[in-house]
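In: take this sequence and fold it.
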Amino acid sequence: MRNLHDWASGLYALLIYGFIFLPVAVLVLFSFQSGRFPIPPFNGPSLKWYEAVLADDKLVAALTNSLVVALVSSAVACLLGFLAAYGLARYKLPASGLQRALITAPLTVSYLIIGLGLLIMFNTFGISRSLWTVGIGHTVINMPLCFAIIYSQMGAHQVNVERAARDLGAADWQVMWLITAPMLMPAILASYFLSVTFSWDEFIISFLLSRFEVTLPVEIWSLLRSGLNPKTNAVGSIVFLVSVMLVVILELTVFRRARRS
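Out: Numbering: from 1, shown residues only. Predicted coordinates:
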């Protein structure tokens, strides 16, 4: 009976992982297909479509734009989330519960609604759509996540250390940046890398708030509009590789440090 249970559990896990990773495996496999159509039989391996991606100025520019927007907007979202978490956790503010609810409210709202609201606001104030507006949109959707992660890790033991630092003559800004921030570094890094991951492949807000300078998901969508393009397999594989690298970095820098502590 135990062997049957182990066999069934293994089969179930295999089906779950196959359901998740099989489409990605097919995508990566046919990115090395030498023919134009990603259909059997497999002809390859070949790097011609990766070379075509790197030779496409629009795709390279979109890839660069996605990296810049992801890295910068995630840093801003992480900073704002940390400041909001520190203020609400360390000071008695009026209606603090309501303020926490308002900050985390965008997590429950569709990205389509947020994107349309930002688009209307930018049009009202005469702000042209650009990478700046895309970055603002990504900051809006990622800041609540950063706040929730960092706020959840601000415990009472940190308060005692902060009080000791103040007793030794440290100013409030020194306590925040030299004491609190280093203690919360695993949560800060986790929120940052998660924000980068979400921003990296975000499409709806990037599509609504961009115009001439677009991010990689928007450029991939433009390619697919004209029909099946084999370069999309190579681009998708690059996106998947970057996401995997972010997860590996997150594991090495945050979770391993948290387990050691």
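
In: number of residues surrounding Asn43?
Out: The tally of other residues near Asn43 (other CB atoms under 10 Å) stands at 13. In this view, the C-beta of every residue, glycine as well, is placed from N, C-alpha and C.

In: surely it touches Gln33?
Out: Yes. Shown here, Asn43 and Gln33 form a contact pair, counting by CB atoms under 8 Å, at 5.9 Å.

In: tell me the pLDDT at Ser199?
Out: In this model, Ser199 is scored at 90, pLDDT.

In: what sits against it?
Out: By CB atoms under 8 Å, 6 or more residues apart in numbering, Ser199 lies in contact with Ser66, Val69, Ala70, Ser73, Ser74, His138, Asn142.

In: next, the buried residues of stretch 50-69.
Out: Of all the residues in stretch 50-69, those buried under the rule 16 or more other CB atoms under 10 Å are Tyr50, Val53, Asp56, Leu59, Ala62, Leu63, Asn65, Ser66, Leu67, Val69.

In: now it: average pLDDT?
Out: Here the average pLDDT along stretch 50-69 is 85.

In: what residues does it touch?
Out: By CB under 8 Å, 6+ apart, the list of residues contacting stretch 50-69 from outside reads 31, 131, 134-135, 138, 199-200, 206, 213-219, 231, 234-235, 238.

In: which of those fall within helices?
Out: In helices, defined here by DSSP state H, the members of those are 131, 134-135, 138, 199-200, 206, 216-219, 231, 234-235, 238.

In: low-confidence regions, the chain specifically.
Out: For the chain, the stretches with pLDDT under 70 are 1-2, 5, 35-42, 44, 227-229, 253-261.

In: now do the strands in it.
Out: Applying DSSP state E to the chain gives no strands.

In: which helix is the longest one in it?
Out: helix 57-90.
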